[in-house]
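# All I have is the shape, not the residue letters:
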């Protein structure tokens, strides 16, 4: 939970810094138009917003504005051409479908939990989640085999040699940190460059979406941990585990029967994934002052970070998958056993060894 706390605190700091730049920084295509409108037609409203003055009663009667930020937005939009408004409406549609589209490209909480709990690489996992703050919607009360995702199937990708271990570990962190930096920069740009119609006086919605996405994955990791028990005789230091590739680890875990804690965490995880996608759709579809061209840039940058983080995560899981297949006594789908039936039968032991 420390990782989620840090992520939410970082999102709060980002929002605080972004608030100071609201209505000062714009996306490039229409930025000059909005700035000119703000200076020539909306100077009084902007000054009232800076002074945090409440709107006049006449403004509420005329256009329904209830805050200083809403008054500024109303003034700028009133002096914006219909063509620009239509373009911004199309951009809002694109941004609104982005959270769902990214959830298709991103990793599920079940996959990230495997690296966090079994792979014991919490720092890398947290960085991957920060670089890809999206979630895959899960159905409540439909539980998969905790390690079923690591089982063999025809044509499945397996880990391959990419160089010395230290080089691969370093490459993973460099790629992941670059993805995190990209997400932070594009999220900050949204915070200062656009206005959300549901909260025009605030700048924290993009950062809150990113931070809560990490929180959902952390809850999923806690859910998996409540279903597994590590049986490794000598638990290696966390730092050493963090800097060791998954295909070089020697881990033995045991699946345990479902508990009340597991049921609660599973329901919370699946429900949170759905609400996170809904929240992202609501927040991004209500954004104003961004054009279609600029929206494509935002979507492309988020997509790039999500893609590279998924590649890193899948490479690490492929290392665990190789270890599962080399372990003795681990059933595979070829033996005709239903993995869910195996869970119903009672605890099972899995060895993850290089």
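Looks like it came in fine. The structure presented is a predicted model; accordingly, all values stated were derived computationally and were not measured.
# so what's residue 294 up against?
By CB atoms under 8 Å, 6 or more residues apart in numbering, residue 294 lies in contact with 27-29, 91. Just so you know, the C-beta spots here come from the backbone N, C-alpha and C atoms, and that holds for glycine as well.
# pLDDT score for residue 246?
Note for residue 246: predicted pLDDT of 84.
# brain fart, residue 348
58.
# same question, residue 62
64.
# got it, and residue 151?
The predicted local confidence for residue 151 is 63.
# ok now the helix or strand in which residue 263 is found, how far from the chain's centre?
Using DSSP states H and E, residue 263 sits within helix 260-285. Computed by CA atoms, centre = their mean, to the nearest Å, the separation of helix 260-285 from the middle of its chain amounts to 12 Å.
# do stretch 259-266 as well
With CA atoms, centre = their mean as the basis, stretch 259-266 stands 23 Å off its chain's centre.
# what's the answer for stretch 122-140, then?
The chain centroid and the centroid of stretch 122-140 are separated by 5 Å under CA atoms, centre = their mean.
# pLDDT of it, averaged?
88.
# Next: stretch 30-40.
Mean per-residue pLDDT for stretch 30-40: 91.
# buried residues in that stretch?
Of the residues in stretch 30-40, 30-31, 33-34, 37-38 count as buried by neighbour count, 16 or more other CB atoms under 10 Å.
# right, and residue 217 touches residue 135 too?
Yes. Counting by CB atoms under 8 Å, residue 217 does reach residue 135; the two are 6.9 Å apart.
# Need the residues touching each of these two.
Common neighbours of residue 217 and residue 135 (CB under 8 Å, 6+ apart) are residue 109.
# What lies in contact with whichever strand or helix holds residue 95?
Residue 95 belongs to helix 82-105 when elements are defined using DSSP H and E. If you take CB under 8 Å, 6+ apart as the criterion, helix 82-105 is touched by 30, 33, 77, 132, 134-137, 209, 273, 276-277, 280-281, 284-292, 294-296, 298-299, 302-303, 306-307, 310.
# need the next SSE after that helix, C-terminal direction.
As assigned by DSSP H and E, the chain's next helix or strand after helix 82-105 is helix 109-117.
# give me the number of residues near residue 303?
Applying other CB atoms under 10 Å, we find 17 residues neighbouring residue 303.
# give the contact list for it.
Contacts for residue 303 (CB under 8 Å, 6+ apart) come out as 102, 105.
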